[in-house]
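> Okay, sequence plus prediction incoming.
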Amino acid sequence: MDYLKSGLKSVLGAQADSQQPTAAETVERLVERVQTSTLLDDRRDACRALKSMSKKFRVEVGAQAMDALIYVIEMDRNDAEIVGYALDALSNVISGPQDDEDYIEGQEEQDLGTQFTEIYIKRTENVTLLLDLLEEFDFKVRWPAVKLFTGLLECRPKELQECVLVSPMGVSRLMDLLSDSREVIRNDTLLLLVNLTKGNANIQKIVAFENAFDKLLDIIAEEGYSDGGVVVEDSMAVLLNLLKNNSSNQNFFKEGSYIQRLTPYFELQGDSSGGDMGWSAQKVSNLHLMLQVIRTLVSPNNPLQVISSCQKVMNQSGLLERLCNILMASGVPADILTETINTVAEVIRGHHANQEYFATVSAPSSPPRPAIVVLLMSMVNEKQQFVLRCAVLYCFQCFLYKNELGQAQIVQTLLPTSADVTTITAGQLLCGGLFSLDCLSNWFAAVALSHSLVDNPTQKEQLLRVQLATSVGNPPISLMKQCTTILQQGGKVQTRLGLLMLLSTWLAHSTQAVSHFLSIPTNVPYLTSQVGLAEGDEHEDLVQGLCAFLLGICIEFNDDSVPSFTRENLCQLILKRIGQETFFDKLGSVSKHELYSRAAQKPHLKYKQASEVLFDYEFCRLFKSLEGAVIRAVQPKPKDLVNGPESNMTVQQHSLLQQYKDVIREQDQRLNELQKEFTELKSESEKSQSHIEEMTSTIQQLRDQNALLKAQRVASQSTERSGSPSSTDINNLQHEKEELQKQLENLEKNLKEQKDSCEKLKKELEEQKEKKQAEAQKQEPLVNDSELIGTIEQQRQEITELKQTISRLEEEVKTKKEISEEKQGELSKLAEEKRRLQQRLARVNDKNQKLEDEKSRIQKEKQKIQEELDSTKKEQEDLLILLTEQDNKLTTYKKKLRELGEKVEDDDEDDLNEDEGNDDEDIDEVEE
């Protein structure tokens, strides 16, 4: 501090102790010195003082000196030292003193930096000037410029990103800094790029195509991969920003074979058996970021093509194998193990080859156990960390996603088998978790088991065969019976929700499972009682809503094989016991819940605490797809159908009416088929007619040509000089005529066949109509009930309406075709516009190239002129040296003259300069 005071005194001048200036006054004087001083040293000293004061007095220096410091940077760019002082001062004003370990930036300081940043970037020329300074190789300029740019990005990232985008070579200049041999500049550039690439897809693409992936991976390799320091972490952060939610960069990363270069990153090098030894906090952070990079490449939110190609490369390059090794290793920290499980899950999700490989992975235990079994043991263990259990469930779900073979293998472990009973299987673990006392284990096991049934009707039927042993001496009971028994016993909300989701997935699209469920007498009364309960707390409403959904599934997929619970009986039960409005309210409350909306967004289980575990992504998809069908199934039929003719019919009449309906349905189907065939034949007939007309026109032309040739032959025969015609030509013409006549006959024959076929089809259509009317007339007397006749007429009217609907749909298809043709025309226009823009871009590129060439030529001329100027300056310096030597000689001569007694006056100096030769002669005479 004393040094600072002495420095300020030397710049400002010493003052009396009673008049010590304030910080604002000191800054004001320093700014005045910067602006008015003509000597570079004075301005440099003032900038050095401002840099020192900016650490303690950010407000004063930022408010008064910012413009002056920017002016110094603009005008004194040739002096690296003063530019460095100015940049350091601005950096301290924007970000605070970064080299001060005791400095802690609070909210007020952040707001202050944001305000000064807004002042600085108000003129875009300031940002451009800063980008130009990054090209300076001098360490005193480049490093402060990088720090200042990083500080500006931290305060106002969006505005700085826009400025960089509009700068012609802005991103290229920043990327060149990664190649700097000085590590401190390279490392600070990584921090700069972390802020620059955050949330801007355009900058991410430009940075990627500036060879960023190669440079970053080279830095990671040089620093030692996961064993590296914070530089590896910063490099991974930039890599993550470039790839996240950017399918273009993801494709570029995959096609550039960069995924293969990630494999060495996951070599544990002996850490797998040494507890937590070697797992430093920095290594954990580095590995965690790299796992996030891999998950970004195979995230379910990416396009399916990108996901599949990346998954394939990860398997072929051995990356999946390395990840599985970490998964099965011992001593891996819990957060790394959790993230690795999530990463493996997304690498195998929906990819059959990767799922098959994962099924073969075994833990290094004695005896070896499959990785799936080891993971499920952790999932149903209530002592394990919550996030780890969620990760295991997500991995299990991804293993079964679109994997019918894997689903069959899981269900097979639940069926009776002659295998070794001492071997722990996935089915045993799921059953153990399903009937555990831990409600979270119940939910995890129920959801995991439901995923083995998703979109797989075969396994739903197989699961009905599962029998569970109870106490000794009692017969086994089915899995569904046990699940419903636990559900009816009550318990915690998570247990009941898990079982209800399992049962809903099991029964959906499976009439056999619905029949099995309805055959258990206590199930329907339990569901109706739950749905009919008065409103309870928030979670009880969810249970009641899922009970309503399960009851609706029993109606929608009911084949009426259980007499006491047919579709009609269940609908009447809902109307009488629950009420239609109450049923719909309870059903609708599920999709309105916040946790349902959150779970329906993406497959990954991202719960913060155990109380949030209520819904599963696949169940939300099922609920969304079937909610409308359940509502339609429960809604009563219109009154005119409920109280219409059918309600008053006997069983025999109803049976006979059903036969009429079947006949009408078959005839209507046949009629539609005939109409379709007639339309196709009519289209073919029109095409044939058009073709015949074309051929007729061609034949007529050939006939005209034939007549012309005949006339020419007659003319040639009448002229003796032309000689007799060639018999070969005549034969050719006759042969050609015969061929054309044959073609004409064939075409006329085909046309006749087409017409006959059309006539035949029309007759068949008329016969079908007459037959249909005759059968209807013949069958009408069988039923004396006039209401039955009205029903048949109504069916006919429906057929007429269906025909009208078909005509309307054909008109809509025609309209859509016209719209498609219009869109095609617009597409052609856009393609033409794109071609013109590409031509303009090519011209602009040519113009830019010419400007670059002109710039290069001007630079060369400037360099040549500079060299000439330096040469001239050197000659002037030589002349000054000669003049100085001449002056010394004159002084010596004058001294000698005075010693010899000659009188020499000072005024004679001009005369001596005018005639140097005369002086030399006088001196020689005096010496003689």
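Yes, it's here.
> Please make it C-alpha for all contacts and neighbour counts, starting now.
Will do.
> What are the contacting residues of stretch 329-349?
For stretch 329-349, contacts defined as C-alpha atoms under 8 Å, 6 or more residues apart in numbering pick out 271-276, 279, 284, 287-288, 291-292, 294-295, 298-300, 311, 314, 320, 323-324, 326-327, 354-355, 358, 387-388, 391-392, 394-396, 398-401.
> Then stretch 423-441?
Residues contacting stretch 423-441 (C-alpha under 8 Å, 6+ apart): 372-373, 376-377, 379-382, 410-414, 442-446, 448-449, 492, 494-495, 610.
> Restricted to strands, list the contacts of stretch 329-349.
Residues of these located in strands (DSSP state E): none.
> about what we covered before: among the contacts of stretch 423-441, name the buried ones.
For the contacts of stretch 423-441, a neighbour count by 16 or more other C-alpha atoms under 10 Å gives the buried set as 372-373, 376-377, 379-382, 410-414, 442-446, 448-449, 494-495.
> Tell me how many other residues crowd C163.
The tally of other residues near C163 (other C-alpha atoms under 10 Å) stands at 16.
> Tell me which helix or strand comes right after the helix or strand harbouring it.
Here C163 sits within helix 157-166, counting by DSSP states H and E. Proceeding N to C from helix 157-166, the next assigned helix or strand is helix 170-176, under DSSP H and E.
> any idea which helix or strand comes after that next one?
Remark: after helix 170-176, the chain's next helix or strand is helix 183-196, criterion DSSP H and E.
> Show me what secondary structure element comes after that next one.
Next in sequence after helix 183-196, counting helices and strands by DSSP H and E, comes helix 201-209.
> Would you mark the buried spots in stretch 38-53?
So for stretch 38-53, counting by 16+ other C-alpha under 10 Å, buried means 42-53.
> Please apply the same query to stretch 338-357.
338-352, 354-355.
> cool, stretch 673-693 as well?
674, 678, 681-682, 685, 688-689, 692.
> Please apply the same query to stretch 136-152.
Buried residues in stretch 136-152, counted by 16+ other C-alpha under 10 Å: 140-152.
> for those residues, which one is nearest P603?
Comparing the buried residues of stretch 136-152 against P603 with C-alpha to C-alpha places T150 closest, at 36.7 Å.
> need the contact list for the closest one.
Neighbouring residues of T150 by C-alpha under 8 Å, 6+ apart: 191-192, 195.
> switch the cut-off to 7 Å
Applying C-alpha atoms under 7 Å, 6 or more residues apart in numbering to T150 gives the contacts L192.
> gap between it and L192?
Separation of T150 from L192 (C-alpha to C-alpha, to the nearest Å): 5 Å.
> now swap in T528 and tell me
T528 sits 63 Å away from L192, going by C-alpha to C-alpha.
> any chance you could map the helices in the stretch 401-550 of the chain?
With DSSP state H, counting those that start in this stretch, the ranges of helices along the stretch 401-550 of the chain come out as 404-412, 426-434, 439-451, 457-463, 479-488, 493-507, 511-518, 523-531, 538-556.
> pLDDT on the second one, on average?
On average, the pLDDT along helix 426-434 is 91.
> correct me, but Q250 touches K244?
No: if you go by C-alpha atoms under 7 Å, Q250 and K244 don't touch, sitting 8.2 Å apart.
> picking up where we left off before, can the helices of the stretch 401-550 of the chain go into CSV with extra columns for distance to L837?
Compiled in CSV, the helices of the stretch 401-550 of the chain are given as follows (distance: least, C-alpha to C-alpha, whole Å):
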stretch, distance to L837
helix 404-412, 50
helix 426-434, 61
helix 439-451, 51
helix 457-463, 55
helix 479-488, 66
helix 493-507, 54
helix 511-518, 60
helix 523-531, 64
helix 538-556, 56
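> Out of these, which is closest to T884?
The nearest among these, by C-alpha to C-alpha, is helix 439-451 at 98.2 Å.
> Only C-alpha atoms, please: export the closest one in CSV.
Presented in CSV, the C-alpha positions along helix 439-451 are these (Å, rounded to 0.1, in the frame of the first residue of the first chain):
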residue,chain,number,x,y,z
CYS,A,439,-43.6,-48.9,0.0
LEU,A,440,-40.9,-47.5,-2.3
SER,A,441,-39.7,-51.1,-3.1
ASN,A,442,-43.3,-52.0,-3.9
TRP,A,443,-43.6,-49.1,-6.4
PHE,A,444,-40.2,-49.8,-8.0
ALA,A,445,-41.0,-53.5,-8.4
ALA,A,446,-44.5,-52.9,-9.7
VAL,A,447,-43.3,-50.4,-12.3
ALA,A,448,-40.4,-52.7,-13.4
LEU,A,449,-42.8,-55.6,-13.8
SER,A,450,-45.2,-53.5,-15.8
HIS,A,451,-42.5,-52.7,-18.3
